[in-house]
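*Asks:* here's a sequence, model it:
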Amino acid sequence: MDSVQGKQILVIDDSHDFLIIAEAALSAFGGQVLKAASGYDGLRQFFFHQPDLVILDLMMPNMSGWEVCQRIRQVSEVPIIILTALNSAQDTVDGLDCGADDVLVKPVSPSVLRAHVRAILRRAYSYRLPKPTATHTYLDDHLQIDVTKRTVRIQGEPVKLSALENKLLAFLFRHAGQVLTFERILEQVWGQGYQDSIQYVHNYVSRLRQKLEPDPGRPIYLLTEHGVGYRFEPHESARTEQVA
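*Replies:* Purely as a prediction, here's the structure:
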């Protein structure tokens with residue numbers, strides 16, 4: 001079976017023409033191609049879809065490919081192919097230094113692109129972001145969470161959360177370490193019809209920080225991925241229990 005078949009590939013490039021070329025080259029061999037025309041949109045799609053491979057142009061406005069690559073590398077080992085229009089050794093070095101697995105110089109033909117994608121996918125290990133675990137309790141020196149019982153304690157003292165605050169905290173906790181986009185949080189916690197209500201997420205995360213964080217102004221649990229979403233980050237002293 002072709003290594004491209006069945007794989008989800010995110011292509012991030014501000015060139016509409018290249019997005020069309022890449023989609024045609026990879027979908028013809030069974031790949032599912034996601035397209036993003038900016039770094040911000042690319043990050044949103046990456047965190048939402050968790051693709052098998054990212055193809056990323058370095059030279060983009062507002063958020064460069066280097067920054068996108070670095071932010072992906074903070075949370076994932078997904079294979080990344082970087083594209084550059086500048087045929088210089090320094091660009092190749094910079095691309096690899098930011099965490100890319102391969103660097104291609106534009107213009108690149110569909111056959112060459114496909115060959116590199118195949119090679120990267122063949123040698124990739126388990127690179128997906130971790131799936132939600134069955135973890136249902138969390139305990140560290142400051143915070144204790146029991147999702148099943150819907151209880152939260154701070155240094156042993158119970159903390160009262162609303163039903164929606166509990167639901168939001170449980171969703172973030174069950175995906176600990178993963179960046180969850182605003183859209184995904186709204187869909188899973190608030191439900192359909194709230195796609196444009198990102199401020200709800202900000203407000204409720206702020207409420208949780210006030211109740212849970214040692215210093216709400218400098219959160220250590222509920223962290224912001226600017227322009228993308230939030231993630232729950234376990235403390236280094238954390239202990240968890242899982243259901244069988």
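*Asks:* from here on, contacts and neighbour counts on C-alpha atoms
*Replies:* OK.
*Asks:* quick one: low-confidence parts of the chain?
*Replies:* Across the chain, the stretches falling below the confidence threshold (pLDDT under 70) are 1-3, 87-89, 91, 94-95, 124-135, 239-244.
*Asks:* where do the helices of the chain begin and end?
*Replies:* In chain order, the chain shows helices spanning 16-27, 39-49, 65-73, 89-97, 110-123, 163-174, 182-185, 198-212, with DSSP state H as the criterion.
*Asks:* let's have those helices in TSV, adding mean neighbour count and distance to Leu104.
*Replies:* Output for these, formatted as TSV (neighbours: other Cα atoms under 10 Å; distance: least, Cα to Cα, whole Å):
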stretch	mean neighbour count	distance to Leu104
helix 16-27	17	13
helix 39-49	20	18
helix 65-73	19	13
helix 89-97	15	8
helix 110-123	15	8
helix 163-174	18	37
helix 182-185	20	32
helix 198-212	16	37
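*Asks:* nearest to Glu236, of those?
*Replies:* Proximity of these to Glu236 was assessed by Cα to Cα; the nearest stretch is helix 163-174, lying at 14.8 Å.
*Asks:* run the angle between the closest one and helix 198-212 for me.
*Replies:* Angle, helix 163-174 to helix 198-212, by axes from the mean of the first three to the mean of the last three Cα atoms, to 10 degrees: 80 degrees.
*Asks:* for helix 163-174, packing partners?
*Replies:* Where contact means 3 or more Cα pairs under 8 Å, 6 or more residues apart in numbering; DSSP states H and E, helix 163-174 is packed against helix 198-212, strand 229-232.
*Asks:* for Leu104, see how far away the residue of the chain positioned farthest from its centre is.
*Replies:* With Cα atoms, centre = their mean as the measure, the chain has its most outlying C-alpha, relative to the mean C-alpha position, at Glu157: 33.4 Å. Using Cα to Cα, to the nearest Å, we find Glu157 at a distance of 56 Å from Leu104.
*Asks:* including distance to Tyr221, could the helices of the chain go into JSON lines?
*Replies:* Output for those, formatted as JSON lines (distance: least, Cα to Cα, whole Å):
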{"stretch": "helix 16-27", "distance to Tyr221": "37"}
{"stretch": "helix 39-49", "distance to Tyr221": "19"}
{"stretch": "helix 65-73", "distance to Tyr221": "18"}
{"stretch": "helix 89-97", "distance to Tyr221": "29"}
{"stretch": "helix 110-123", "distance to Tyr221": "34"}
{"stretch": "helix 163-174", "distance to Tyr221": "9"}
{"stretch": "helix 182-185", "distance to Tyr221": "16"}
{"stretch": "helix 198-212", "distance to Tyr221": "8"}
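*Asks:* now for those helices, which one comes closest to Gln8?
*Replies:* Taking Cα to Cα, helix 39-49 is the member of those nearest to Gln8, at 8.5 Å.
*Asks:* about what we covered before: the helices and strands packed on helix 163-174: which one's closest to Glu77?
*Replies:* Counting by Cα to Cα, Glu77 lies closest to strand 229-232 out of those; the figure is 17.3 Å.
*Asks:* partner strands of that closest one and their direction?
*Replies:* If you go by DSSP bridges, strand 229-232 pairs up with strand 180-181 (antiparallel), strand 222-225 (antiparallel).
*Asks:* what's in contact with the shortest one?
*Replies:* Here strand 180-181 makes contact (Cα atoms under 8 Å, 6 or more residues apart in numbering) with Arg44, Phe47, Phe48, Leu172, Val228, Gly229, Tyr230, Arg231.
*Asks:* quick one: closest of the helices and strands packed on helix 163-174 to Phe182.
*Replies:* Ranking the helices and strands packed on helix 163-174 by their distance to Phe182 (criterion: Cα to Cα) puts strand 229-232 first, at 4.9 Å.
*Asks:* how distant is the closest one from the center of its chain?
*Replies:* Using Cα atoms, centre = their mean, to the nearest Å, the distance from the centre of strand 229-232 to the centre of the chain it belongs to is 10 Å.
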